[in-house]
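Chemist: when you get a sec, could you give me coordinates for this:
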Amino acid sequence: MKEKKIIEMRGISKSFGGVRALDKVDFEIYFNEVLALVGDNGAGKSTLAKIISGVYPPDEGEIFFEGQKVQINNPREAREIGIEMIYQNLALFNRIDVSGNLFMGKELFLPGIWGKYFKFLDNKKMHKKSYEFLQGLKIDIGSTKKKAGVLSGGQRQVVAVGRAVLWKRKLLIMDEPAAALGVKESGEVLKLIENLKEKGLSILVISHNLQHVFSVADRIIVLRNGRRAGEKEVKYTTGDEIVKLIVGADVII
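Modeler: Got it, this is the predicted structure:
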C-alpha cells in the first residue's frame with residue numbers, strides 16, 4: 001500500500017439538527033490513487049465529500065492536505081489548494097463552446113492593446129490548446145467549437161473533468177460519474193478516470209455501481225450510518241464482501 005497521503009481526515013463529525021451525518025470518521029486518499037467511497041443512501045458519502053470540497057465545515061475533526069493541516073472554509077479555498085468536486089449536474093455553460101468552458105475564468109486574450117485594454121479573447125489559441133489538451137488526455141469529443149448544450153452526458157462529464165485538470169487540480173471528487181449514462185458513455189468515463197490516474201492525479205469516486213467501482217478503483221472505503229464500516233483493496237476483495245460491509249452483515253475486515 002502506498003504511504004504518502006494527499007488528504008487525511010481524522011475524527012470528522014457532522015450533524016444537521018438532530019441527525020448525525022458523520023460520526024468520528026477517519027478517511028484518507030493516497031497520492032495517485034483511485035479511491036471509491038461506497039455506502040447505502042444516507043451513509044454519509046456526500047456529506048464527507050462536501051466537507052473535503054469546502055461546502056460544509058466539519059463540526060469536529062482535523063483535515064491534512066499534502067501533510068499540512070488545513071481549514072477549508074469554502075469551495076474556492078478547496079480549489080486554491082488543488083481540490084475539485086465534479087457534481088452530477090455538471091456546472092457547464094450551455095451556450096458557450098467547449099473551449100470557452102475549459103478556459104472559463106482563465107481566458108486567454110489577444111496580444112497587444114487588443115487583449116490588454118479591450119479584452120478581446122484569443123479564441124484561436126484557446127481552441128488549439130483545448131484540442132491538444134483533450135488529445136493528451138486521450139479524449140476525443142470532436143470539435144472544441146461545439147456548444148456545451150449539444151454535448152451528450154458523457155461528453156459533458158469529460159469537459160467538466162478536463163477543466164479541473166487544466167486548472168491544475170490535484171484531487172478530483174467525482175460524484176456518480178457514470179450515472180444516467182449509457183453503456184458506451186459509461187465506459188468512456190471510466191477510461192477517462194484511468195487516464196487521469198496515469199497523469200498522476202488522485203481521484204475519489206462516489207458510486208453505487210460496484211461493477212464500475214471494481215473496474216477503476218484501487219481501494220474501497222465503506223460508510224454505514226455515518227461511520228467508517230470498512231476498507232478493502234480491490235485486488236483482495238469481492239463484490240459480496242463489499243455488499244456485506246454496506247448492509248452491516250458480519251464480515252472479517
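Chemist: now the residue nearest to the spatial centre of the chain. Nearest residue, chain neighbours left out?
Modeler: With distances taken as C-alpha atoms, centre = their mean, residue 173 lies nearest the centre of the chain, 1.9 Å away. Excluding the flanking residues, the one nearest residue 173 by C-beta to C-beta, 6 or more residues apart in numbering is residue 85, at 4.1 Å. For the C-beta atoms, the positions are set from N, CA and C on the backbone; glycine is no exception.
Chemist: burial measure for that neighbour, as a count.
Modeler: Neighbourhood size, residue 85 [other C-beta atoms under 10 Å]: 23.
Chemist: tell me the SS of it?
Modeler: Three-state call for residue 85 (DSSP: H, G, I helix; E, B strand; the rest coil): strand.
Chemist: residues contacting it?
Modeler: Counting by C-beta atoms under 8 Å, 6 or more residues apart in numbering, residue 85 makes contact with 49, 50, 52, 53, 55, 75, 78, 172, 173, 175.
Chemist: turn those residues into TSV, including pLDDT and distance to residue 184.
Modeler: TSV is the format used below for these (pLDDT from 0 to 100; distance: C-beta to C-beta, whole Å):
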residue	pLDDT	distance to residue 184
49	96	27
50	96	30
52	97	31
53	95	29
55	95	32
75	92	32
78	95	32
172	95	22
173	95	24
175	88	21
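Chemist: now those as TSV including secondary structure and distance to residue 98?
Modeler: Output for these, formatted as TSV (DSSP: H, G, I helix; E, B strand; the rest coil; distance: C-beta to C-beta, whole Å):
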residue	secondary structure	distance to residue 98
49	helix	26
50	helix	28
52	helix	28
53	coil	24
55	coil	27
75	helix	23
78	helix	24
172	strand	19
173	strand	22
175	strand	22
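Chemist: buried ones among those?
Modeler: Taking 16 or more other C-beta atoms under 10 Å as the criterion, what is buried in the contacts of residue 85 is 49, 50, 52, 53, 78, 172, 173, 175.
Chemist: that older thread, touching, the residue nearest to the centre of the chain and residue 87? I think so.
Modeler: No. Between residue 173 and residue 87 no contact is recorded; they are 9.1 Å apart, counting by C-beta atoms under 8 Å.
Chemist: for the least confident helix or strand in the chain by mean pLDDT, output the C-alpha coordinates as PDB.
Modeler: The helix or strand of the chain with the poorest confidence is helix 153-166; it has a mean of 82 (mean pLDDT, DSSP states H and E). Taking C-alpha atoms only, helix 153-166 is exported to PDB below (Å, rounded to 0.1, in the frame of the first residue of the first chain):
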ATOM      1  CA  GLY A 153     -23.900  13.400 -21.000                       C
ATOM      2  CA  GLY A 154     -20.600  11.600 -21.300                       C
ATOM      3  CA  GLN A 155     -19.100  14.400 -23.200                       C
ATOM      4  CA  ARG A 156     -20.200  16.900 -20.700                       C
ATOM      5  CA  GLN A 157     -18.600  14.800 -17.900                       C
ATOM      6  CA  VAL A 158     -15.400  14.900 -20.000                       C
ATOM      7  CA  VAL A 159     -15.400  18.700 -20.300                       C
ATOM      8  CA  ALA A 160     -16.100  19.200 -16.600                       C
ATOM      9  CA  VAL A 161     -13.200  16.800 -15.700                       C
ATOM     10  CA  GLY A 162     -10.900  18.300 -18.300                       C
ATOM     11  CA  ARG A 163     -11.500  21.800 -16.900                       C
ATOM     12  CA  ALA A 164     -10.400  20.700 -13.400                       C
ATOM     13  CA  VAL A 165      -7.300  19.000 -14.800                       C
ATOM     14  CA  LEU A 166      -6.400  22.000 -16.900                       C
END
